[in-house]
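Chemist: sequence plus predicted model, see below.
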Amino acid sequence: MRTRAIYLTIAALLFTIVPSVHGELIGGIEFPDGNLSFADAVHFYDPGPDVAANYNAPLAALGRPDYSGNNFTAASLGEDGVLVLRFVDNSLTTSGDNAPDLHIFEVGGVTEWFNAAISTDASNWIDLGDVKGQPTSIDIDAVSGVTAGTKYSYVKLTDIFPSQTDSPYGEADIDAVGAISSAPPAVPVPGAVLLGMLGLSVAGAQLRKRA
């Protein structure tokens, strides 16, 4: 009976900490996983010299798009700049068809070019090609090197020549990066934590029973 109660407790905890998922039209794009679809961690950011204070904040590129012309909420790449974002509570995967899988919200008064790449480990990159912002949807199934069903956790955005805009917000301005084809995280941290809690709880119950 104690073991059953422990399992019920863990199940209740899982229900409370795992966010509900609802499909939603965001920025004109349908994201089946809603807010869960967007990159939520900055892995690396090295802006170019033409990016000044208030425009060199990579955290502005996380979560759902929220850019407003009166309130600059985006991360500028700058000349030769690089931004690497990570999906933590989900991952980017393939759709199995020619539908877009990845969408990058590039904003601002100028539509700018940049290079996009994806990776499972932030070390080995698959080049998705040079793309133009506003809007930017990419079918990763069509890209050589992409493996069907693989969970990609990292997206790298790199400025490309020639220079398109100047300081203080040089080059592409990234507001959000979302996985239209979204899958569970490549490293299911919440599940691992719960499993550890379950193991400790069961061990504790066994020790109490022996005592």
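Modeler: Received, thanks.

Chemist: pick out the residue closest to the middle of the protein.
Modeler: Of all residues in the chain, the one closest to the mean position by C-alpha atoms, centre = their mean is A39, 2.0 Å from it.

Chemist: now it: closest residue in space that isn't a chain neighbour?
Modeler: L85 (3.8 Å; C-beta to C-beta, 6 or more residues apart in numbering). Using the backbone N, CA and C atoms, a C-beta is placed for each residue, glycine as well.

Chemist: cool, G145 as well?
Modeler: I126 (4.4 Å).

Chemist: how about the one you found, what does it touch?
Modeler: Neighbouring residues of I126 by C-beta atoms under 8 Å, 6 or more residues apart in numbering: 117-119, 143, 145-146, 152.

Chemist: which pair in those residues spans the largest distance?
Modeler: Greatest spatial distance among these (C-beta to C-beta): S119 and V143, at 12.5 Å.

Chemist: run through the strands of this protein in chain order.
Modeler: Applying DSSP state E to the chain gives strands spanning 24-26, 29-31, 41-46, 75-76, 82-86, 91-92, 102-107, 113-119, 125-132, 136-138, 154-159, 173-179, 182-183.

Chemist: so what touches the second one?
Modeler: What it means is strand 29-31. 23-25, 37-38, 100, 103, 135, 137, 178-180, 182.

Chemist: okay if I get those residues as JSON lines plus pLDDT and distance to Y169?
Modeler: Shown next, in JSON lines, are those (pLDDT from 0 to 100; distance: C-beta to C-beta, whole Å):
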{"residue": "G23", "pLDDT": "85", "distance to Y169": "33"}
{"residue": "E24", "pLDDT": "93", "distance to Y169": "28"}
{"residue": "L25", "pLDDT": "94", "distance to Y169": "28"}
{"residue": "S37", "pLDDT": "97", "distance to Y169": "26"}
{"residue": "F38", "pLDDT": "98", "distance to Y169": "21"}
{"residue": "P100", "pLDDT": "97", "distance to Y169": "27"}
{"residue": "H103", "pLDDT": "98", "distance to Y169": "21"}
{"residue": "P135", "pLDDT": "82", "distance to Y169": "19"}
{"residue": "S137", "pLDDT": "97", "distance to Y169": "23"}
{"residue": "G178", "pLDDT": "98", "distance to Y169": "22"}
{"residue": "A179", "pLDDT": "98", "distance to Y169": "26"}
{"residue": "I180", "pLDDT": "98", "distance to Y169": "27"}
{"residue": "S182", "pLDDT": "98", "distance to Y169": "29"}
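
Chemist: out of those, which are buried?
Modeler: Neighbour-count burial (16 or more other C-beta atoms under 10 Å) applied to the contacts of strand 29-31 gives 37-38, 100, 103, 178-180, 182.

Chemist: widest-spaced pair of those?
Modeler: Every pair of the buried ones among the contacts of strand 29-31 checked by C-beta to C-beta; the farthest is F38 and P100, at 14.9 Å.

Chemist: out of the contacts of I126, who's nearest T93?
Modeler: Y152 (6.9 Å).

Chemist: against V110, how distant is the closest residue to A179 other than its chain neighbours?
Modeler: Nearest residue to A179 in three dimensions, chain neighbours excluded: L92, at 4.0 Å (C-beta to C-beta, 6+ apart). Distance, L92 to V110, using C-beta to C-beta, to the nearest Å: 27 Å.
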